[in-house]
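>>> any chance you could fold what I've pasted below:
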Amino acid sequence: MAKTISELRADIVGRIDNLADELLAVSHSIHANPELAFAEHHASALLCDTLAEHDLEPTRGAYTLDTAFEASLQTQGDGPTVAILAEYDALPGIGHACGHNLIATAALGATLALQSVQAHLPGHIRLLGTPAEEKGGGKELMARAGAFDGVDAAMMIHPAGVNLTTMPCICVAEVEVIYHGQSAHASAMPHRGVNALDGLLIAYQAISNLRQHIRDQERIHGIITDGGQAPNIVPERAAGDFYVRAVDEKALAALKPRVQACFEAGAKSSGAEVEINWANVDYLDLNTNWPLADCFQRHGESLGRDFLDPAKLGGAGSTDMGNVSHRVPSIHPMLAAAPRNVVIHNPEFEKWAGSETGDAAALDGAKALALTTADFLLNPDLQAESSKAFNVSSGLS
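Numbers count the residues shown, from 1 in each chain. Below you'll find the model as predicted:
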(Lines give C-alpha, C1' and ligand atoms only; values in the text may rest on other atoms or scores of the structure.)
Protein backbone atom coordinates (compact mmCIF):
# COMPACT_ATOMS: atom_id res chain seq x y z
CA MET A 1 0.00 0.00 0.00
CA ALA A 2 1.37 3.38 -1.02
CA LYS A 3 2.18 5.86 1.69
CA THR A 4 1.77 9.60 1.59
CA ILE A 5 4.84 11.82 1.73
CA SER A 6 3.80 12.88 5.22
CA GLU A 7 3.71 9.26 6.35
CA LEU A 8 7.12 8.58 4.81
CA ARG A 9 8.60 11.61 6.54
CA ALA A 10 7.19 10.47 9.87
CA ASP A 11 8.64 6.97 9.30
CA ILE A 12 12.08 8.43 8.52
CA VAL A 13 12.16 10.62 11.61
CA GLY A 14 10.84 7.79 13.78
CA ARG A 15 13.45 5.36 12.47
CA ILE A 16 16.31 7.70 13.38
CA ASP A 17 14.83 8.31 16.82
CA ASN A 18 14.64 4.54 17.35
CA LEU A 19 18.27 4.13 16.23
CA ALA A 20 19.55 7.12 18.23
CA ASP A 21 21.43 5.16 20.89
CA GLU A 22 23.15 2.96 18.32
CA LEU A 23 24.04 5.89 16.08
CA LEU A 24 25.46 7.95 18.92
CA ALA A 25 27.54 5.00 20.12
CA VAL A 26 29.13 4.96 16.65
CA SER A 27 29.73 8.71 16.81
CA HIS A 28 31.34 8.53 20.25
CA SER A 29 33.57 5.62 19.25
CA ILE A 30 34.88 7.45 16.19
CA HIS A 31 35.34 10.58 18.29
CA ALA A 32 37.33 8.67 20.91
CA ASN A 33 39.59 7.07 18.28
CA PRO A 34 40.71 9.86 15.93
CA GLU A 35 42.54 8.71 12.81
CA LEU A 36 44.36 10.73 10.17
CA ALA A 37 43.71 10.80 6.44
CA PHE A 38 43.88 7.43 4.64
CA ALA A 39 44.35 5.63 7.98
CA GLU A 40 40.75 5.66 9.26
CA HIS A 41 40.67 1.89 9.79
CA HIS A 42 38.64 1.87 13.02
CA ALA A 43 36.04 4.32 11.75
CA SER A 44 35.65 2.65 8.37
CA ALA A 45 35.34 -0.84 9.88
CA LEU A 46 32.86 0.36 12.52
CA LEU A 47 30.62 2.02 9.94
CA CYS A 48 30.77 -0.99 7.61
CA ASP A 49 30.09 -3.46 10.44
CA THR A 50 27.09 -1.40 11.54
CA LEU A 51 25.69 -1.41 8.02
CA ALA A 52 26.19 -5.18 7.78
CA GLU A 53 24.32 -5.67 11.06
CA HIS A 54 21.38 -3.99 9.36
CA ASP A 55 21.56 -6.30 6.32
CA LEU A 56 23.26 -3.70 4.19
CA GLU A 57 26.60 -5.28 3.25
CA PRO A 58 29.02 -2.59 2.02
CA THR A 59 31.87 -2.84 -0.43
CA ARG A 60 35.02 -2.18 1.59
CA GLY A 61 38.13 -0.62 0.12
CA ALA A 62 35.99 0.97 -2.60
CA TYR A 63 37.25 3.12 -5.47
CA THR A 64 40.98 2.45 -4.91
CA LEU A 65 41.08 3.64 -1.26
CA ASP A 66 41.56 1.14 1.58
CA THR A 67 39.35 3.01 4.04
CA ALA A 68 36.62 4.00 1.58
CA PHE A 69 33.39 2.05 1.29
CA GLU A 70 30.12 1.97 -0.61
CA ALA A 71 26.69 0.68 0.33
CA SER A 72 23.72 0.73 -2.03
CA LEU A 73 19.98 0.76 -1.50
CA GLN A 74 17.99 -0.54 -4.46
CA THR A 75 14.62 1.17 -4.24
CA GLN A 76 11.55 0.48 -6.34
CA GLY A 77 11.66 1.06 -10.11
CA ASP A 78 13.72 3.42 -12.17
CA GLY A 79 14.67 6.80 -10.86
CA PRO A 80 17.58 9.07 -10.01
CA THR A 81 20.57 8.15 -7.86
CA VAL A 82 21.40 10.08 -4.70
CA ALA A 83 24.80 9.80 -3.00
CA ILE A 84 25.04 10.46 0.73
CA LEU A 85 28.60 11.12 1.85
CA ALA A 86 30.35 10.22 5.10
CA GLU A 87 33.66 11.66 6.32
CA TYR A 88 35.56 10.30 9.30
CA ASP A 89 39.20 11.43 9.28
CA ALA A 90 40.58 13.61 12.06
CA LEU A 91 43.13 16.38 12.50
CA PRO A 92 46.71 16.03 13.75
CA GLY A 93 46.94 16.85 17.44
CA ILE A 94 43.35 18.01 17.92
CA GLY A 95 41.38 14.95 16.86
CA HIS A 96 37.82 15.48 15.69
CA ALA A 97 37.97 19.26 16.02
CA CYS A 98 36.21 19.36 12.66
CA GLY A 99 33.49 17.02 13.88
CA HIS A 100 33.80 14.36 11.22
CA ASN A 101 32.42 11.78 13.65
CA LEU A 102 29.13 13.70 13.36
CA ILE A 103 29.29 13.73 9.56
CA ALA A 104 29.76 9.95 9.47
CA THR A 105 26.95 9.37 11.95
CA ALA A 106 24.52 11.62 10.08
CA ALA A 107 25.22 9.82 6.81
CA LEU A 108 24.88 6.42 8.44
CA GLY A 109 21.62 7.38 10.13
CA ALA A 110 20.14 8.85 6.96
CA THR A 111 20.92 5.67 5.02
CA LEU A 112 19.44 3.35 7.62
CA ALA A 113 16.32 5.51 7.82
CA LEU A 114 15.90 5.43 4.05
CA GLN A 115 16.39 1.66 4.12
CA SER A 116 13.24 1.43 6.24
CA VAL A 117 11.14 3.14 3.54
CA GLN A 118 12.96 1.96 0.41
CA ALA A 119 9.92 0.00 -0.78
CA HIS A 120 8.13 3.32 -1.26
CA LEU A 121 10.93 5.20 -3.07
CA PRO A 122 11.94 5.14 -6.73
CA GLY A 123 15.57 5.25 -7.83
CA HIS A 124 18.77 4.43 -5.97
CA ILE A 125 20.66 5.54 -2.86
CA ARG A 126 24.43 5.26 -2.53
CA LEU A 127 26.23 5.75 0.79
CA LEU A 128 29.86 6.60 0.16
CA GLY A 129 32.47 6.51 2.89
CA THR A 130 35.00 9.12 1.80
CA PRO A 131 38.38 9.17 3.56
CA ALA A 132 40.97 11.91 3.69
CA GLU A 133 39.00 15.15 3.56
CA GLU A 134 41.45 16.99 5.78
CA LYS A 135 44.42 16.09 3.61
CA GLY A 136 44.66 14.21 0.34
CA GLY A 137 41.34 14.88 -1.37
CA GLY A 138 39.74 11.48 -0.97
CA LYS A 139 36.54 12.46 -2.77
CA GLU A 140 38.46 13.62 -5.84
CA LEU A 141 40.46 10.38 -5.91
CA MET A 142 37.25 8.37 -5.61
CA ALA A 143 35.61 10.47 -8.31
CA ARG A 144 38.46 9.71 -10.70
CA ALA A 145 37.78 6.02 -10.04
CA GLY A 146 34.08 6.39 -10.89
CA ALA A 147 32.43 6.89 -7.49
CA PHE A 148 30.06 9.57 -8.80
CA ASP A 149 29.31 8.10 -12.20
CA GLY A 150 25.55 8.05 -12.68
CA VAL A 151 24.88 10.12 -9.56
CA ASP A 152 22.14 12.75 -9.91
CA ALA A 153 22.60 14.46 -6.54
CA ALA A 154 25.16 14.30 -3.72
CA MET A 155 24.85 15.59 -0.20
CA MET A 156 26.41 15.66 3.25
CA ILE A 157 26.30 17.79 6.37
CA HIS A 158 29.12 19.40 8.32
CA PRO A 159 29.06 20.57 11.95
CA ALA A 160 29.79 24.18 12.84
CA GLY A 161 28.90 26.79 15.44
CA VAL A 162 25.90 27.95 13.41
CA ASN A 163 23.31 26.53 11.04
CA LEU A 164 24.11 27.39 7.41
CA THR A 165 22.44 26.30 4.20
CA THR A 166 25.87 26.05 2.60
CA MET A 167 29.51 26.30 3.60
CA PRO A 168 31.40 29.42 2.49
CA CYS A 169 34.12 27.76 0.46
CA ILE A 170 37.08 28.62 -1.78
CA CYS A 171 39.69 26.57 -3.63
CA VAL A 172 42.93 25.38 -2.08
CA ALA A 173 46.15 23.85 -3.38
CA GLU A 174 48.67 22.24 -1.05
CA VAL A 175 52.39 22.31 -1.70
CA GLU A 176 55.36 20.81 0.10
CA VAL A 177 58.70 22.52 -0.44
CA ILE A 178 62.09 21.01 0.47
CA TYR A 179 65.42 22.83 0.24
CA HIS A 180 68.69 20.90 0.00
CA GLY A 181 71.96 22.60 0.98
CA GLN A 182 75.32 21.56 2.40
CA SER A 183 76.02 21.11 6.10
CA ALA A 184 79.10 22.63 7.72
CA HIS A 185 80.21 23.87 11.14
CA ALA A 186 78.41 27.16 11.52
CA SER A 187 81.30 28.78 13.38
CA ALA A 188 84.50 27.10 12.20
CA MET A 189 83.69 26.70 8.50
CA PRO A 190 80.49 28.56 7.58
CA HIS A 191 81.91 29.24 4.11
CA ARG A 192 81.73 25.52 3.38
CA GLY A 193 77.99 25.42 3.98
CA VAL A 194 74.93 26.08 1.82
CA ASN A 195 72.08 27.08 4.13
CA ALA A 196 68.84 25.35 3.15
CA LEU A 197 66.95 27.23 5.85
CA ASP A 198 68.00 30.54 4.28
CA GLY A 199 66.36 29.41 1.07
CA LEU A 200 63.10 28.61 2.84
CA LEU A 201 63.11 31.83 4.87
CA ILE A 202 63.76 33.93 1.77
CA ALA A 203 60.81 32.21 0.10
CA TYR A 204 58.67 32.72 3.20
CA GLN A 205 59.45 36.43 3.20
CA ALA A 206 58.78 36.66 -0.53
CA ILE A 207 55.36 35.09 0.05
CA SER A 208 54.69 37.57 2.85
CA ASN A 209 55.45 40.36 0.39
CA LEU A 210 53.26 38.75 -2.26
CA ARG A 211 50.30 38.83 0.13
CA GLN A 212 50.14 42.62 -0.35
CA HIS A 213 49.31 42.11 -3.99
CA ILE A 214 46.68 39.37 -4.07
CA ARG A 215 42.90 39.57 -4.04
CA ASP A 216 40.86 39.84 -0.84
CA GLN A 217 39.63 36.24 -1.00
CA GLU A 218 43.05 34.79 -1.80
CA ARG A 219 45.19 33.29 0.95
CA ILE A 220 48.73 31.92 1.24
CA HIS A 221 49.76 30.38 4.54
CA GLY A 222 52.24 27.76 5.67
CA ILE A 223 54.52 26.33 8.31
CA ILE A 224 58.17 25.30 8.54
CA THR A 225 58.30 21.57 9.23
CA ASP A 226 62.09 21.23 9.23
CA GLY A 227 64.46 24.07 10.09
CA GLY A 228 67.68 22.20 10.72
CA GLN A 229 69.23 20.03 13.44
CA ALA A 230 71.34 22.31 15.67
CA PRO A 231 72.35 25.99 15.81
CA ASN A 232 76.01 25.20 15.16
CA ILE A 233 75.31 23.16 12.01
CA VAL A 234 74.46 24.92 8.75
CA PRO A 235 71.09 23.37 7.85
CA GLU A 236 71.48 21.02 4.91
CA ARG A 237 67.73 20.47 4.73
CA ALA A 238 64.72 22.68 5.35
CA ALA A 239 61.08 22.00 4.53
CA GLY A 240 57.65 23.56 4.77
CA ASP A 241 54.00 22.94 3.96
CA PHE A 242 51.91 25.70 2.40
CA TYR A 243 48.30 26.22 1.34
CA VAL A 244 47.37 28.49 -1.56
CA ARG A 245 43.71 29.53 -1.75
CA ALA A 246 41.65 31.40 -4.31
CA VAL A 247 38.00 32.00 -5.03
CA ASP A 248 37.76 29.66 -8.02
CA GLU A 249 39.82 27.27 -10.13
CA LYS A 250 40.85 29.92 -12.65
CA ALA A 251 42.12 32.29 -9.96
CA LEU A 252 43.93 29.43 -8.23
CA ALA A 253 45.68 28.47 -11.46
CA ALA A 254 46.88 32.06 -11.83
CA LEU A 255 48.13 32.34 -8.23
CA LYS A 256 50.07 29.07 -8.01
CA PRO A 257 52.88 30.12 -10.41
CA ARG A 258 53.41 33.31 -8.42
CA VAL A 259 53.93 31.26 -5.27
CA GLN A 260 56.16 28.84 -7.17
CA ALA A 261 58.35 31.80 -8.21
CA CYS A 262 58.83 32.69 -4.52
CA PHE A 263 60.11 29.20 -3.78
CA GLU A 264 62.44 29.31 -6.78
CA ALA A 265 63.73 32.72 -5.69
CA GLY A 266 64.68 31.27 -2.32
CA ALA A 267 66.76 28.62 -4.03
CA LYS A 268 68.51 31.07 -6.35
CA SER A 269 69.28 33.48 -3.52
CA SER A 270 70.66 30.90 -1.10
CA GLY A 271 72.36 28.55 -3.51
CA ALA A 272 70.29 25.63 -2.24
CA GLU A 273 68.39 23.27 -4.48
CA VAL A 274 64.63 23.08 -4.09
CA GLU A 275 61.93 20.44 -4.55
CA ILE A 276 58.46 21.89 -5.07
CA ASN A 277 55.82 19.18 -4.69
CA TRP A 278 52.29 20.30 -5.46
CA ALA A 279 49.61 17.91 -4.17
CA ASN A 280 47.89 15.57 -6.56
CA VAL A 281 44.50 17.12 -5.76
CA ASP A 282 43.39 20.75 -5.69
CA TYR A 283 40.21 21.37 -3.70
CA LEU A 284 37.66 23.36 -5.71
CA ASP A 285 35.12 25.94 -4.59
CA LEU A 286 31.64 24.74 -3.64
CA ASN A 287 29.05 24.93 -6.43
CA THR A 288 25.95 24.79 -4.21
CA ASN A 289 22.78 23.43 -5.81
CA TRP A 290 20.23 25.84 -4.42
CA PRO A 291 17.00 23.90 -5.10
CA LEU A 292 18.43 21.05 -3.03
CA ALA A 293 19.88 23.41 -0.42
CA ASP A 294 16.54 25.16 0.01
CA CYS A 295 14.84 21.77 0.44
CA PHE A 296 17.36 20.82 3.12
CA GLN A 297 16.87 24.12 4.92
CA ARG A 298 13.10 23.63 5.05
CA HIS A 299 13.60 20.25 6.69
CA GLY A 300 16.20 21.66 9.06
CA GLU A 301 13.79 24.39 10.08
CA SER A 302 11.08 21.78 10.65
CA LEU A 303 13.44 20.24 13.21
CA GLY A 304 13.66 23.55 15.06
CA ARG A 305 16.87 24.97 13.60
CA ASP A 306 17.25 28.59 12.53
CA PHE A 307 19.63 29.21 9.64
CA LEU A 308 22.05 32.11 9.32
CA ASP A 309 22.67 33.77 5.96
CA PRO A 310 26.13 32.46 4.90
CA ALA A 311 26.98 35.90 3.51
CA LYS A 312 26.86 37.31 7.06
CA LEU A 313 29.36 34.83 8.42
CA GLY A 314 32.55 36.11 6.79
CA GLY A 315 35.57 33.99 5.97
CA ALA A 316 35.70 30.76 4.01
CA GLY A 317 37.22 27.31 4.25
CA SER A 318 37.84 24.54 1.74
CA THR A 319 36.56 21.00 1.22
CA ASP A 320 36.94 18.26 -1.35
CA MET A 321 33.14 18.24 -1.52
CA GLY A 322 33.76 21.21 -3.80
CA ASN A 323 35.22 18.81 -6.37
CA VAL A 324 32.07 16.68 -6.20
CA SER A 325 29.88 19.75 -6.62
CA HIS A 326 31.44 20.50 -9.99
CA ARG A 327 30.57 17.00 -11.18
CA VAL A 328 27.01 16.53 -9.89
CA PRO A 329 24.38 18.69 -8.14
CA SER A 330 25.54 18.86 -4.51
CA ILE A 331 24.89 20.43 -1.13
CA HIS A 332 27.10 20.84 1.93
CA PRO A 333 25.00 22.49 4.67
CA MET A 334 26.33 23.06 8.18
CA LEU A 335 24.53 22.35 11.44
CA ALA A 336 25.33 23.90 14.81
CA ALA A 337 27.11 21.40 17.06
CA ALA A 338 28.66 24.05 19.33
CA PRO A 339 28.04 27.64 20.42
CA ARG A 340 28.54 30.30 17.77
CA ASN A 341 31.79 31.55 19.29
CA VAL A 342 33.43 28.10 18.96
CA VAL A 343 34.98 27.61 15.55
CA ILE A 344 35.99 24.40 13.83
CA HIS A 345 39.65 23.29 13.74
CA ASN A 346 39.94 24.47 17.33
CA PRO A 347 40.58 22.20 20.35
CA GLU A 348 37.42 23.54 21.98
CA PHE A 349 35.31 22.32 19.04
CA GLU A 350 36.68 18.80 19.52
CA LYS A 351 35.00 18.72 22.93
CA TRP A 352 31.67 19.84 21.49
CA ALA A 353 31.84 17.19 18.76
CA GLY A 354 31.49 14.61 21.53
CA SER A 355 28.84 16.49 23.49
CA GLU A 356 25.04 16.32 23.64
CA THR A 357 24.94 19.36 21.36
CA GLY A 358 27.05 17.46 18.85
CA ASP A 359 24.79 14.43 19.25
CA ALA A 360 21.76 16.54 18.36
CA ALA A 361 23.50 17.83 15.24
CA ALA A 362 24.26 14.28 14.10
CA LEU A 363 20.67 13.13 14.56
CA ASP A 364 19.14 16.25 13.02
CA GLY A 365 21.62 15.93 10.16
CA ALA A 366 20.56 12.34 9.57
CA LYS A 367 16.91 13.34 9.52
CA ALA A 368 17.35 16.33 7.19
CA LEU A 369 19.56 14.38 4.79
CA ALA A 370 17.10 11.50 4.63
CA LEU A 371 14.11 13.79 4.21
CA THR A 372 15.84 15.76 1.45
CA THR A 373 16.79 12.52 -0.32
CA ALA A 374 13.22 11.23 -0.15
CA ASP A 375 11.85 14.52 -1.51
CA PHE A 376 14.33 14.44 -4.40
CA LEU A 377 13.50 10.85 -5.34
CA LEU A 378 9.75 11.43 -5.18
CA ASN A 379 9.56 14.87 -6.80
CA PRO A 380 10.29 15.11 -10.56
CA ASP A 381 9.94 18.90 -10.35
CA LEU A 382 12.73 19.10 -7.77
CA GLN A 383 14.86 16.83 -9.93
CA ALA A 384 14.32 19.10 -12.93
CA GLU A 385 15.00 22.28 -10.94
CA SER A 386 18.17 20.78 -9.50
CA SER A 387 19.42 19.70 -12.91
CA LYS A 388 18.64 23.07 -14.47
CA ALA A 389 20.39 24.97 -11.66
CA PHE A 390 23.45 22.75 -11.99
CA ASN A 391 23.64 23.28 -15.74
CA VAL A 392 23.35 27.05 -15.33
CA SER A 393 25.93 27.21 -12.56
CA SER A 394 28.31 25.00 -14.51
CA GLY A 395 28.05 27.35 -17.45
CA LEU A 396 28.94 30.27 -15.21
CA SER A 397 31.75 28.45 -13.39
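>>> quick check: buried residues in the helix or strand containing N209?
Taking DSSP states H and E as the criterion, N209 maps to helix 196-210. For helix 196-210, the neighbour count (16 or more other C-beta atoms under 10 Å) marks A196, L197, D198, G199, L200, L201, I202, A203, Y204, A206, I207, L210 as buried. Bear in mind the C-beta positions are built from the backbone N, C-alpha and C, glycine included.
>>> ranges for the strands of the stretch 251-397 of the chain?
273-278, 330-331, 334-336 (DSSP state E, counting those that start in this stretch).
>>> quick one: mean pLDDT over the last one.
Right, the one you point to is strand 334-336. Averaging pLDDT along strand 334-336 gives 98.
>>> packing partners of it?
strand 158-160, helix 356-378 (3 or more C-beta pairs under 8 Å, 6 or more residues apart in numbering; DSSP states H and E).
>>> can you list these in CSV and add distance to G129 and mean neighbour count?
What follows is those, written out as CSV (distance: least, C-beta to C-beta, whole Å; neighbours: other C-beta atoms under 10 Å):
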stretch, distance to G129, mean neighbour count
strand 158-160, 16, 26
helix 356-378, 15, 24
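>>> ok, back up a step: now do the helix holding N209 against strand 273-278, angle only.
50 degrees (axes from the mean of the first three to the mean of the last three C-alpha atoms, to 10 degrees).
>>> for helix 196-210, the averaged confidence score.
98.
>>> direction included, what does the next helix or strand after that helix pair against?
Next along the chain after helix 196-210, taking DSSP H and E as the criterion, comes strand 219-226. Next to strand 219-226 in the sheet, as set by DSSP bridges, lie strand 237-246 (antiparallel).
>>> name the helix or strand for the nearest residue to T111 once chain neighbours are set aside, please.
Excluding the flanking residues, the one nearest T111 by C-beta to C-beta, 6 or more residues apart in numbering is L127, at 4.4 Å. Using DSSP H and E, L127 sits in strand 124-129.
>>> figure out which of the helices and strands packed on strand 334-336 is closest to H221.
strand 158-160 (20.8 Å; C-beta to C-beta).
>>> how far off centre is stretch 73-85?
Computed by C-alpha atoms, centre = their mean, to the nearest Å, the chain-centroid distance of stretch 73-85 equals 23 Å.
>>> quick one: contacts of that stretch?
56, 103, 107, 110-111, 114-115, 118-128, 130, 139, 147-148, 150-156, 321, 324, 328, 369, 373, 376-377, 383 (C-beta atoms under 8 Å, 6 or more residues apart in numbering).
>>> ok, stretch 221-239 next?
Residues contacting stretch 221-239 (C-beta under 8 Å, 6+ apart): 176-187, 190, 192-197, 199-200, 204, 207, 240-243, 272.
>>> list the buried residues of that stretch.
G222, G228, V234, P235, E236, R237, A238, A239.
>>> tell me the one of the residues you listed nearest A337?
G222 (28.8 Å).
>>> quick one: that closest one from L197, how far?
14 Å (C-beta to C-beta, to the nearest Å).
>>> picking up where we left off before, which of the contacts of stretch 73-85 fall within helices?
Among those, DSSP state H puts 103, 107, 110-111, 114-115, 139, 321, 324, 369, 373, 376-377, 383 in helices.
>>> could I get those residues as TSV with distance to T81 and pLDDT?
Putting the ones in helices among the contacts of stretch 73-85 into TSV (distance: C-beta to C-beta, whole Å; pLDDT from 0 to 100) gives the following:
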residue	distance to T81	pLDDT
I103	20	98
A107	16	98
A110	15	98
T111	13	98
L114	13	98
Q115	16	97
K139	16	98
M321	17	98
V324	13	98
L369	15	98
T373	10	98
F376	10	98
L377	9	97
Q383	11	98
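>>> for I202, what are its contacts?
With C-beta under 8 Å, 6+ apart, I202 has these contacts: A265, G266, S269, S270.
>>> hmm, I typed the wrong one, I wanted E385.
Counted by C-beta under 8 Å, 6+ apart, E385 has contacts P291.
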